[in-house]
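Undergrad: predicted coordinates and the sequence they were generated for:
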Amino acid sequence: MKIVKLNDSDDLQKRIEACYKMEHALLCDKLKLGINGLEWLVLQTNVTDEKKKSLDQYVNLAGSTLKKNITQLFIDAVNMDSDTFYETHELNWWIAIDETITFLSILKQQDYNGYLYFLNKIYSGGCE
């Protein structure tokens, strides 16, 4: 394991920005692959108790407090880019896509047929 010393905050900022760009590129590339890319992202997800709690809070906030259709939010998070998603829902896409992938991972573990049904909804035009 190599320990990297950071010289200053600018160096740290550059590294964080590079990681962000790499994560964004990977996520976008996988989503462009369609169902296979989304499936790959779901398989990479480690659903911890913290992620379950975060998903519960997101669903509660977006659904109950903001009166958003959670199913449509999850579908749009997969099918829209970050700017379009924000313009449509006035919510952060990064948070939405993370919660969507967590939701799909849990759904796949607990109800595989429901998972397949939801994937079909995502790629067949959503709830509309």
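TA: Sure thing, it's come through.
Undergrad: where does the prediction get shaky in this structure?
TA: 1-8, 125-128 (pLDDT under 70).
Undergrad: does the residue nearest the centre of the chain sit in a helix or strand, and which one?
TA: Here the mean C-alpha position of the chain is nearest to the C-alpha of Ile97 (Cα atoms, centre = their mean), at a distance of 1.9 Å. Per DSSP states H and E: Ile97 is located in helix 93-110.
Undergrad: what's next to the very next helix or strand once past that helix, contact-wise?
TA: As assigned by DSSP H and E, the chain's next helix or strand after helix 93-110 is helix 112-123. Residues outside helix 112-123 that contact it (Cβ atoms under 8 Å, 6 or more residues apart in numbering): 34-35, 38-39, 71, 74-75, 78-79, 104, 107-108, 127. Yep, even glycine has a C-beta here, placed from its N, CA and C like the rest.
Undergrad: looking at the residues you listed, state which has the most neighbours.
TA: Counting neighbours by other Cβ atoms under 10 Å, Phe74 comes out on top of the contacts of helix 112-123 with 25 neighbours.
Undergrad: alright, I will stop here.
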